[in-house]
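J.: Structure of the sequence below:
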Amino acid sequence: MQLDIDAGDGQPTSAQRELFRELVSRYPTMWPEIAEELASIHPRWKTVESVTKHVDEVLLSLDFIVNGEPLTWSIDYTFDACDDSEDDFCGYTVNFVDWKIVGVDVGD
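T.: Numbers count the residues shown, from 1 in each chain. Reported below is the predicted structural model:
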């Protein structure tokens, strides 16, 4: 998993570090729901099993954390065997507010 943290001009904040640690510990239990969301929109990989098998790269992006505001973060997924046709997008971004999936963006 790759990591991108918006820490402003400095190092990641303690809140961002805490969020990252919690995410690492919770990710295995979150994966089935994430995979279901990806399978529901992917043109080729329509099951949790096929999504799991074909995920190629994962990028976790943590936004700057403002005290009192909901946590916003996302995970980008790319898949192997992408043929770059109009119907086969390679990249998907799963967006979260706190620990709830709030949408999936499709990219190329």
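
J.: got the contact list for the residue nearest in space to the middle of the chain?
T.: Nearest to the mean C-alpha position of the chain, counting by CA atoms, centre = their mean, stands Ile75 at 1.6 Å. Contact analysis of Ile75 by CB atoms under 8 Å, 6 or more residues apart in numbering lists Ile34, Val58, Leu59, Leu60, Ser61, Thr93, Val94, Phe96. Using the backbone N, CA and C atoms, a C-beta is placed for each residue, glycine as well.

J.: and the gap between the third one and Val66?
T.: To tie it back to what came earlier, the one meant is Leu59. Distance from Leu59 to Val66, counting by CB to CB, to the nearest Å: 22 Å.

J.: between the two, who's got more neighbours?
T.: The residue with more neighbours, out of Leu59 and Val66, is Leu59; 15 against 10, by other CB atoms under 10 Å.

J.: isn't that one right next to Trp73, touching?
T.: No: with contacts defined as CB atoms under 8 Å, Leu59 does not count as touching Trp73, sitting 11.2 Å away.
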